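Enquirer: need a structure here:
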Amino acid sequence: MDYLKKAVSLIQDGDRYYGHGRFFADFIDDWAYRQTGLHEPSRPLREEVETIASNLSHTIRAAWEAAPGEDFLGHVIEESGGSGHLSFFRTPPSVSLLMAKMMGGSSRLEDFADICMGSGSLTLAYIHQTFLDGGASAVSRLNLMGEDLSGNKVKVAMLQILNLLDILGGDRPLYVHSMRLREMNSLSREVGTVQYDFSGPNNPRCKLSNEQHALISQAVSSGVSEEVISQRLRVPLNLVRRERKSA
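Expert: Numbering: from 1, shown residues only. Purely as a prediction, here's the structure:
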């Protein structure tokens, strides 16, 4: 399947309700919030685009699973013109992979910084190469730091990194030692509002209430999909997955 073509087509469908470039930005804001529970969107997705957004998230996830470590959302942004007022040029996968291999690894904690990271191309390639070279134990030693002027790109990078860890881990959780992603002007060092600071388990700040535990358990036992549970209960998707696995 041509996932890129399908994703761009779905974004164009969403833009009919929003105007060019606006749907994808709101889609990322919504998905990032559901994934982490951090940085609530300034405006919820319109009811008219819920089906489009669901299909788009499934398409993106399938593309990630088909080619782990590749910057699929960066490619989508290039093709759909969704970079907003900032110019955006994705690092080619071959270059990202080459740089990841050149950086190597060690048996100790490994620091990796991606300045002006955009959609996270270099970080994704580095995580994937680390996993191929040393498995889960090598990934667990990574201290990742990334920053970008665009808060939306920081959210894109976060989504791609967390989902890559989920895909590589399979049935077992896969974590980095720490990950700090920030909206920041790399020249002036002015810090923006979007920040993700994870250590160990990907989302330590996100906890479910007893009521949410019960509702998710009921929904899972009834065969409701993880995405629908997340959307309806406004619960981060990764926590729904954890709850299902522990049931």
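Enquirer: give me every residue that touches the residue positioned nearest the centre of the chain.
Expert: Nearest to the mean C-alpha position of the chain, by Cα atoms, centre = their mean, lies residue 159 at 0.6 Å. Taking Cβ atoms under 8 Å, 6 or more residues apart in numbering, we find residue 159 in contact with 28, 31, 32, 35, 73. The way it works is simple: take the backbone N, C-alpha and C, and place the C-beta from them, glycine included.
Enquirer: can you give me the domain boundaries for this structure?
Expert: Per automatic domain parsing, the domain ranges recorded for the chain read 3-80, 93-199, 210-246.
Enquirer: need those in a markdown table with mean pLDDT, can you?
Expert: Conversion of the domains of the chain to a markdown table gives the following (pLDDT from 0 to 100):
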| stretch | mean pLDDT |
| --- | --- |
| domain 3-80 | 93 |
| domain 93-199 | 85 |
| domain 210-246 | 79 |
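Enquirer: out of the contacts of residue 159, who's nearest residue 51?
Expert: Nearest to residue 51 among these: residue 31, at 14.8 Å, using Cβ to Cβ.
Enquirer: could you look up the SS state of that closest one?
Expert: Secondary structure state of residue 31, per DSSP: H, G, I helix; E, B strand; the rest coil, is helix.
Enquirer: cool, the one 4 residues further on as well?
Expert: The three-state assignment at residue 35 reads helix, by three-state DSSP.
Enquirer: distance of it relative to residue 1?
Expert: With distances taken as Cβ to Cβ, to the nearest Å, residue 35 is found 24 Å from residue 1.
Enquirer: ok so residue 197 is a strand residue?
Expert: Yes. Counting by three-state DSSP, one finds residue 197 located in a strand.
Enquirer: in contact with it, which residues?
Expert: Applying Cβ under 8 Å, 6+ apart to residue 197 gives the contacts 179, 180.
Enquirer: for the helix or strand harbouring residue 228, buried residues please.
Expert: Using DSSP states H and E, the element containing residue 228 is helix 226-233. Buried residues in helix 226-233, counting neighbours by 16 or more other Cβ atoms under 10 Å, are found at 226, 227, 229, 230, 231, 233.
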